[in-house]
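[1] sequence and predicted structure below; questions after.
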Amino acid sequence: MAAVPVWSVDPRTGKQREQVAAEATVADIDRAVRAAHAARAALADRSARAALLRTAADVLDASGDEVIAAADAETALGAARLTGELARTTAQLRAFAEVVDEGAFLDIHIDHADAGRTPPWPDLRRMKLPLGVVAVYAASNFPLAFSVPGGDTASALAAGCPVVVKAHPDHPATSELCASLLRRAAVEAGLPADVVNVVHGFEAGVELVKHPLVAAAGFTGSVRGGRALYDAAAARPTPIPFHGELGSLNPVVITEAAAAERAEQIGAGLAGSMSMGVGQFCTKPGFVLAPTGEAGDALVKSLTATLSETGPGVMLDHRMRDAFAAGVRERAELPGVEAPVTPGADGEHTVNAGFLTLPAELLAQEGPHDLLLEECFGPVAVVARYSSAEEISAVLSRLPGNLTATLHLADAETDGGDADAASGAAGLLAEVTPLAGRVLVNGWPTGVAVAPAQHHGGPYPATTSTSTSVGATAIERWLRPVSYQSTPEALLPPELRDDNPLGLPRRVDGRQES
């Protein structure tokens, strides 16, 4: 049977550009996974892993013009946006190299034998070890930072796990290019090229998560696709961890006092955040609770004015464009919903940004308006107008899990000068905290800093686990703890020996050593 070709497509025209590869067969998947599995031992050396990550960053930077041109041709994201994304991608590779060098991620604990305890303690030494081959499912909206050279790949390699990436069909040429650069970096760092492999095709994604040598998976994409793979991972004879990022509304609550204080600023900021990247960020603020009355009206007026001046944009592919247009139409047809700025298709290839409004009371209980509590991927937000604190609470109680939740508060609610205002703000903060993995005050959720304290995750359906896919602690997804009991010193891994030959941070008999 002939191989199914994989084509690079120009989202600006919908036309095929070039054939890039072929969809992987079951035999192809097996070869890729087994090659990655065979490369595990080479990644055991932490210094080699750190060298790989830094070399990969250097190689990507040196090939930046080629990488950016390839990504722009397949995504229409533009050179400026992709230049920033490449910088973020190489920065996180270097950041994980520092994590590997430091060694704290190994979480080493040593408890010496203590016969005086009841019951007595044996000698116990604990550290974290890599799980094995990680399947990475690339995202559509970040062809670099959440794709072949992205955070899942970087954190898995940092943990000592080789990866097999299922490329996203929206940017196969970019994926092939980045894979070749990472494989070249591996060889330059003295490692097998097969620490990174790439496969293409829908069926390849399904077969990959089922392969018995795949030990864990990381996914960024839709609720439907992610849930199907999550279920497949759980249904295996040996279930594996599946760390999926699926969907998020990223609710925003704007207090009446905040709207009265700076309606124009908040409206313009909301417009910029929800339309950024043609609304294709996983952290796009897609649902907003705004007050009724003059202050709320002024905010909506500012949002309307800013979005009316926002030009049309090209989405990542025509399938997403069609789904966006259909989703907007279905929502706009619900009773009580209005569109001050109509979002939707514009011409043959572009879309317009806009927003929908309705009374918040229509969302306070189950009904047809529940559709507005589901993510619509693209440049649209739903603004629900509330008239009381009780309506805010009623709607928040019905929201699914999210990556982010944002509060916009007035100065009197944040500076502590007004005890009642501060108490109300604290109550709102307590209400939104269970909904999200990152809570913001007086900011916008688009933009995810690659920082040690970052958490990019949240309750289901935002993610399928409690972990983060951004920041230093993302490495924890690909590790498992092992304790050695009463093991002779000569048999212990160097990381767990009393003389600490590798100079690693650890906790010994309850005391932190560095």
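    Yes, it's here.
[2] confidence score at Glu375?
    If you check Glu375, the pLDDT there is 97.
[3] what distance do you get for the closest residue to Pro251 other than its chain neighbours to Asn402?
    In space, not counting the residues next to it along the chain, Pro251 is nearest to Phe287; the distance is 4.7 Å by CB to CB, 6 or more residues apart in numbering. C-betas here are computed from N, CA, C, even on glycine. Using CB to CB, to the nearest Å, one obtains 9 Å as the distance from Phe287 to Asn402.
[4] between the two, what contacts are shared?
    Shared between the contact lists of Phe287 and Asn402 (criterion: CB atoms under 8 Å, 6 or more residues apart in numbering) are residues 249-251.
[5] most neighbours among those residues, which one?
    When neighbours are counted by other CB atoms under 10 Å, Asn250 leads these with 30 neighbours.
[6] give the contact list for that one.
    So Asn250 contacts 283-287, 402-406, 436, 445 (CB under 8 Å, 6+ apart).
[7] dump those residues to a markdown table, plus secondary structure.
    Conversion of those to a markdown table gives the following (DSSP: H, G, I helix; E, B strand; the rest coil):
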| residue | secondary structure |
| --- | --- |
| Thr283 | coil |
| Lys284 | coil |
| Pro285 | coil |
| Gly286 | coil |
| Phe287 | strand |
| Asn402 | strand |
| Leu403 | strand |
| Thr404 | strand |
| Ala405 | strand |
| Thr406 | strand |
| Ala436 | strand |
| Pro445 | coil |
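[8] pLDDT score assigned to Ala2?
    If you check Ala2, the pLDDT there is 63.
[9] so what pLDDT did Ser275 get?
    At Ser275, the model reports a pLDDT of 97.
[10] helix or strand for it, which one?
    Ser275 belongs to helix 256-275 when assigned by DSSP states H and E.
[11] hey, C-alpha coordinates of that helix in CSV?
    Output of helix 256-275 as CSV, limited to C-alpha atoms (Å, rounded to 0.1, in the frame of the first residue of the first chain):
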residue,chain,number,x,y,z
GLU,A,256,-17.6,47.5,39.5
ALA,A,257,-15.1,49.6,41.3
ALA,A,258,-12.4,48.7,38.8
ALA,A,259,-14.6,49.5,35.9
ALA,A,260,-15.5,52.8,37.4
GLU,A,261,-11.8,53.6,38.0
ARG,A,262,-10.3,52.6,34.6
ALA,A,263,-13.0,51.3,32.2
GLU,A,264,-11.2,52.5,29.0
GLN,A,265,-7.9,50.9,30.0
ILE,A,266,-9.5,47.6,30.9
GLY,A,267,-11.6,47.5,27.8
ALA,A,268,-8.5,48.2,25.6
GLY,A,269,-6.4,45.6,27.4
LEU,A,270,-9.1,43.0,27.1
ALA,A,271,-9.4,43.6,23.4
GLY,A,272,-5.6,43.3,22.9
SER,A,273,-5.3,40.1,25.0
MET,A,274,-8.3,38.2,23.4
SER,A,275,-7.3,39.1,19.9
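[12] so which bits of that helix are buried?
    By 16 or more other CB atoms under 10 Å, the buried positions in helix 256-275 come out as 256-263, 266-271, 273-275.
[13] could you check the angle helix 256-275 makes with the helix or strand following it?
    Toward the C-terminal end, the helix or strand that comes next after helix 256-275 (DSSP H and E) is strand 287-291. Counting by axes from the mean of the first three to the mean of the last three CA atoms, to 10 degrees, strand 287-291 points 150 degrees away from the direction of helix 256-275.
[14] what strands line up against strand 287-291, and which way round?
    Applying DSSP bridges to the sheet, strand 287-291 is found paired with strand 251-254 (parallel), strand 380-386 (parallel).
[15] the helix or strand just after it packs against which elements?
    Counting by DSSP H and E, the next helix or strand C-terminal to strand 287-291 is helix 293-308. Helix 293-308 makes packing contacts with helix 256-275, strand 287-291, strand 338-341, strand 354-359, strand 380-386 when contacts are defined by 3 or more CB pairs under 8 Å, 6 or more residues apart in numbering; DSSP states H and E.
[16] need these in CSV (columns: distance to Asp322).
    Output for those, formatted as CSV (distance: least, CB to CB, whole Å):
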stretch, distance to Asp322
helix 256-275, 19
strand 287-291, 22
strand 338-341, 19
strand 354-359, 17
strand 380-386, 14
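[17] and of these, who's closest to Ala426?
    Taking CB to CB, helix 256-275 is the member of the helices and strands packed on helix 293-308 nearest to Ala426, at 14.1 Å.
[18] off-centre distance for that closest one?
    Helix 256-275 has its C-alpha centroid displaced from the chain centroid by 26 Å (CA atoms, centre = their mean, to the nearest Å).
[19] stretch 379-387 now?
    24 Å.
[20] only the buried residues of it, if you could.
    For stretch 379-387, burial by neighbour count (16+ other CB under 10 Å) applies to 379-386.
[21] re the thing from before, now for the helix holding Ser275, which elements pack on it?
    Secondary-structure packing of helix 256-275 (3+ CB pairs under 8 Å, 6+ apart): strand 287-291, helix 293-308, strand 380-386, strand 402-408, helix 411-414.
[22] out of these, which is closest to Arg117?
    Nearest of those to Arg117, taken as CB to CB: strand 402-408 at 43.9 Å.
[23] mean confidence score for that closest one?
    The model assigns strand 402-408 a mean pLDDT of 98.
[24] that one: partners in the sheet, and parallel or antiparallel?
    strand 251-254 (parallel), strand 436-441 (parallel).
[25] for the last one, the averaged confidence score.
    Strand 436-441 comes out with an average pLDDT of 98.
[26] just how off-centre is it within its chain?
    Centroid displacement of strand 436-441 relative to its chain, using CA atoms, centre = their mean, is 14 Å.
[27] which two in the buried residues of stretch 379-387 are spaced the farthest apart?
    Pairwise distances across the buried residues of stretch 379-387 peak at 23.6 Å for Pro379 and Tyr386 (criterion: CB to CB).
[28] which non-adjacent residue is nearest Pro459?
    Leaving aside its sequence neighbours, Pro459 sits nearest to Gly401 (CB to CB, 6+ apart; 2.8 Å).
[29] how much space separates the one you found from Ala449?
    As judged by CB to CB, Gly401 and Ala449 stand 21 Å apart.
[30] these two: which is more packed in?
    Gly401 (20 against 11).
[31] quick one, what contacts that one?
    Applying CB under 8 Å, 6+ apart, we find Gly401 in contact with 248, 435-436, 458-463.
[32] which residues in the stretch 101-250 of the chain form helices?
    Counting by DSSP state H, counting those that start in this stretch, one finds helices in the stretch 101-250 of the chain at the ranges 151-159, 172-188, 202-210, 223-235.
[33] compare the ones you listed and give me the one nearest Glu338.
    Checking these against Glu338 by CB to CB gives helix 223-235 as the closest, at 27.0 Å.
[34] distance between that closest one and the chain's centre?
    Distance, centroid of helix 223-235 to centroid of chain: 17 Å (CA atoms, centre = their mean).
[35] can you point out the buried residues in it?
    Buried residues in helix 223-235, counted by 16+ other CB under 10 Å: 223, 226-227, 229-230, 232-233.
[36] now the residues you listed in JSON lines, with distance to His211?
    Putting the buried residues of helix 223-235 into JSON lines (distance: CB to CB, whole Å) gives the following:
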{"residue": "Val223", "distance to His211": "24"}
{"residue": "Gly226", "distance to His211": "18"}
{"residue": "Arg227", "distance to His211": "20"}
{"residue": "Leu229", "distance to His211": "13"}
{"residue": "Tyr230", "distance to His211": "16"}
{"residue": "Ala232", "distance to His211": "11"}
{"residue": "Ala233", "distance to His211": "11"}
